[in-house]
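Q: Predicted model follows, preceded by the sequence.
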Amino acid sequence: MQRPESITFKMILRSFLQASAMLDPRVQFRNPTMFLTYVYTILAWIIIFMRPTYNAFDFSIAIWLLLTVLFANFTNRLAENLGKAQALNLRQKQVETNAKVIRNGEIISIPSIDLHKGDIVVCEVSDLIPADGIVVDGLATVDESAITGESAPVIRESGGDLCSVTTGTRVVSDRIAIKVTADPGDSFLDRLVALIEKTKRQKSPNQISIGIMLSFVCLILLTVFVTVKFFGWFAGEGEGSYLSVIPLIGGFVCLLPTSSAALWDAISIAGLDRLVRNNVIAKSSRAVEEAADVDLLILDKTGTITLGNRIATAFIPAEGYSERECAEIAQLASLADETPEGRSIVILAKNKYDIRAPNIQNKNFIAFTPTLRISGVDILDGNDKVLKSIRKGAPDAIEGYIRRQGGHIPPKLFVLVQSIAKKGGTPLLITSGKDVVGVIYLKDILKGGIRRRFSKLRKMGIRTLMVTGDNPLTASAIAAEAGIDDFIAEASPEIKLQRIREEQNRGRRVAMTGDGTSDAPALAQADVGVAMNTGTQSSREAGNFVDLDSNPTKLIEIVEISKQLLMTRGSLIAFSISSDFAYYFALLPALFASVYMVGGKSLFQTLNFMHLKSPESAILSAVIFNALAILGLLPVALKGVSNEPFFPGALLRRHLLVFGLGGIVIPLIGIKAIDMLIAFLEAV
């Protein structure tokens, strides 16, 4: 995926124009704090227009109150425009092309927009894949760099979990037939674009709860300021009050948590966009926040920890058979096995011994099924009587089959099977009749750098649990090689789902990474479900994240971004709350100057610790700084606070300290500087 466009002058100008259009009260009402600011800004302008005389001081405050609202709208629009750049990049991948469709046994060319679910499309070298689908025939390498950004092509073939193809990718070699699984406008790419656009406006529970808290703060401050004004009137200073209603409005807005409230949505949007830049699509803001608390990652093995396909690497004959004979019988037993493993057996026999499948007239193929875990062929005579039965399958399945035939497995082969399993391989037994011919050695290939990535997860406090259908010895070897903390062997989808529920009942936050159809229930149950783009359609629909890179440890980036998002929010809230102390030093002397005087002397001069020029200058300086603070903190909201590899608690404390002290010191300096500038301009 291309990187997002940078902030340009054109984008800034467009965001400001859109910010003006967002002054609709129905839009402002979504943010209680900024809505209150919006209401009091309107009240200030009404008071100004109702006055017969012009007051430059009140007019300046009203202008900067309006800019405060516009700046808040601008931050959200700029963040959303940056996010829409991601969606635009994805939409540009959707190129209309002609598709070669099989209709009535013939191949015809039609526009890709006319394809419908169920159509069979043929794609050859250099063809763009015109629609989402699954490979139903053939094998090809596919360039998915337009979607994932990865330059290395990937294998897509019929059978197994590596059969899904996506619109806009390109066939690099060979020829495949694809069954279309999505109607026009409903492709995976269309849904990703919709997800990116949709998640921008969703509010997470954390946002809602903080919004409620900020609303209560606003109500408390409103009560205080109304009380101050009425106290001034009660004290007999009503008509001769040093300050009027508009300065009170300005002071009230300054003490509201406008900085954090204005940037709240921008922080969430920017966090989601950082995920997109890491080739992860989040389906909800809630999922992003829950990722910060994940302490257990459950992974499938095949296609997740390993490259996906176990490959036949050797034929090991039993006593009385040669290696070539073992390969010939293994190839016959695998002709009806459409899985990648079955095909690798046929290819190994062909490449290593130049064995071609014999032309047998009367035969009955036994197709491989996950339930039986056996495939083979029965060779028949002219009367359809079985002359020889050849089988290949998992050791326990073959053992049961052999016993039913009245045979047994030699003890030496049991030792060999266990030896292969201990090395992390997968052994398959081959039989002819009731005799065991030998063992096929299937090897799992781990994804590059997987052990180092799991080690990083462990340092982040996240345990890893591998769930696989392999036997315990194979699972143990793979777990040890990959650096997995624990594993469950011979697991069904039901066992996987049950384990997730058990961990959740213990109070753990569980993440699940998977790519197969059997992973879909577990992905839906997990608190954080990361589906791989190379996986099946059902798994991608079930997860609340989609990883376009299909990296089983992408949870590292998801957790880091989630923690960074929460720390950014906490840091800006700390800045906003602590800045109120600075505003008190500037505002309280000026505000109480409107309440009463001491011996004809304004109380402002007694309480003016910052030596500000006048009450008017103090309030105007605070209002100006409050508006500019929103723009000043915008880069922090978009980029996020630094996320070095410290312990999360220590890192959060450090950010709270920096932003807490900064929230006191920076406003004091800023307000004083603006006050000096105002004094200079008045003198000129």
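A: Cool, got the structure.

Q: All the helices of the stretch 251-400 of the chain, in order from the start?
A: Read by DSSP state H, counting those that start in this stretch, the stretch 251-400 of the chain holds these helices, from start to end of the chain: 258-277, 285-291, 323-334, 340-353, 395-404.

Q: any idea of the mean pLDDT for the last one?
A: Model confidence over helix 395-404 averages 84 on the pLDDT scale.

Q: quick one: contacts for residue 378?
A: Under the criterion of C-beta atoms under 8 Å, 6 or more residues apart in numbering, the contact partners of residue 378 comprise 363-364, 366, 386, 388-390. Bear in mind the C-beta positions are built from the backbone N, C-alpha and C, glycine included.

Q: try 7 Å this time
A: 363-364, 366, 386, 389 (C-beta atoms under 7 Å, 6 or more residues apart in numbering).

Q: thinking again about what came up before, let me have the helices of the stretch 251-400 of the chain in JSON lines, extended by distance to residue 102 and mean neighbour count.
A: Below are these laid out as JSON lines (distance: least, C-beta to C-beta, whole Å; neighbours: other C-beta atoms under 10 Å):
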{"stretch": "helix 258-277", "distance to residue 102": "36", "mean neighbour count": "25"}
{"stretch": "helix 285-291", "distance to residue 102": "40", "mean neighbour count": "23"}
{"stretch": "helix 323-334", "distance to residue 102": "28", "mean neighbour count": "24"}
{"stretch": "helix 340-353", "distance to residue 102": "23", "mean neighbour count": "19"}
{"stretch": "helix 395-404", "distance to residue 102": "36", "mean neighbour count": "17"}
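
Q: closest one to residue 526 among those?
A: In this view, those are compared for proximity to residue 526 by C-beta to C-beta, and helix 285-291 is the closest at 9.8 Å.

Q: Show the pLDDT at the nearest residue to residue 299 once chain neighbours are set aside.
A: Once its chain neighbours are removed from consideration, residue 299 has its nearest residue in residue 513; the separation is 4.9 Å (C-beta to C-beta, 6 or more residues apart in numbering). Residue 513 is assigned a predicted lDDT (pLDDT) of 82.

Q: how much space is there between residue 111 and residue 634?
A: As judged by C-beta to C-beta, to the nearest Å, residue 111 and residue 634 stand 44 Å apart.

Q: Which one's more surrounded, the two?
A: Remark: of residue 111 and residue 634, residue 634 carries more neighbours, 20 against 12, as counted by other C-beta atoms under 10 Å.

Q: The more buried one falls within a strand, correct?
A: No: looking at residue 634 with DSSP: H, G, I helix; E, B strand; the rest coil, it is helix, so not inside a strand.

Q: Is it in contact with residue 74, as I believe?
A: No: shown here, residue 634 and residue 74 do not form a contact pair, counting by C-beta atoms under 7 Å, at 8.3 Å.

Q: Spell out the secondary structure type for the residue nearest to residue 299.
A: Residue 513, by the three-state scheme (three-state DSSP), is strand.

Q: Contacts only, for it.
A: If a contact means C-beta under 7 Å, 6+ apart, then residue 513 has 297, 299, 304, 530, 552, 555 as its contacts.

Q: which one among those residues gets closest to residue 379?
A: For those, with residue 379 as the reference and C-beta to C-beta as the criterion, the closest is residue 304, at 38.8 Å.

Q: what's the distance between residue 411 and residue 329?
A: Distance, residue 411 to residue 329, by C-beta to C-beta: 21 Å.

Q: now do residue 683
A: To residue 329, residue 683 is 102 Å away according to C-beta to C-beta.

Q: wait, isn't residue 575 in contact with residue 662?
A: Yes: with contact defined as C-beta under 7 Å, residue 575 reaches residue 662; the gap is 6.1 Å.

Q: So the two - more neighbours on which side?
A: It is residue 575, of residue 575 and residue 662, that has more neighbours when counted by other C-beta under 10 Å, with 27 against 15.

Q: which other helices and strands contact the helix or strand where the more buried one lies?
A: Mapping residue 575 onto the secondary structure by DSSP states H and E places it in helix 555-592. Packing contacts for helix 555-592, counted by 3 or more C-beta pairs under 7 Å, 6 or more residues apart in numbering; DSSP states H and E, involve helix 245-255, helix 258-277, helix 285-291, helix 450-459, helix 603-607, helix 615-639, helix 648-683.

Q: Quick one: mean pLDDT over that helix.
A: The average pLDDT for helix 555-592 rounds to 80.

Q: what is the orientation angle of it with helix 648-683?
A: 40 degrees (axes from the mean of the first three to the mean of the last three C-alpha atoms, to 10 degrees).

Q: Pull out the buried residues from stretch 109-127.
A: Of the residues in stretch 109-127, 112, 115, 119-123, 127 count as buried by neighbour count, 16 or more other C-beta atoms under 10 Å.

Q: For that stretch, which outside residues touch it?
A: Identification of contacts with stretch 109-127 by C-beta under 7 Å, 6+ apart yields 96-102, 107, 129-131, 133, 136, 170-173, 175-184.

Q: Quick one, which of the helices of the stretch 251-400 of the chain gets closest to residue 536.
A: Across those (criterion: C-beta to C-beta), the nearest stretch is helix 340-353, sitting at 14.4 Å.

Q: relative to helix 323-334, how tilted is the closest one?
A: 150 degrees.

Q: send the alpha carbons of helix 340-353 over as PDB?
A: Presented in PDB, the C-alpha positions along helix 340-353 are these (Å, rounded to 0.1, in the frame of the first residue of the first chain):
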ATOM      1  CA  PRO A 340      -1.300 -28.600  -1.300                       C
ATOM      2  CA  GLU A 341       0.400 -31.400   0.700                       C
ATOM      3  CA  GLY A 342      -1.100 -34.000  -1.600                       C
ATOM      4  CA  ARG A 343       0.200 -32.100  -4.700                       C
ATOM      5  CA  SER A 344       3.600 -31.800  -3.200                       C
ATOM      6  CA  ILE A 345       3.800 -35.600  -2.800                       C
ATOM      7  CA  VAL A 346       3.000 -36.000  -6.500                       C
ATOM      8  CA  ILE A 347       5.500 -33.400  -7.500                       C
ATOM      9  CA  LEU A 348       8.300 -34.800  -5.300                       C
ATOM     10  CA  ALA A 349       7.800 -38.300  -6.900                       C
ATOM     11  CA  LYS A 350       7.900 -36.800 -10.300                       C
ATOM     12  CA  ASN A 351      10.900 -34.500  -9.800                       C
ATOM     13  CA  LYS A 352      13.100 -37.000  -7.800                       C
ATOM     14  CA  TYR A 353      12.300 -40.200  -9.600                       C
END
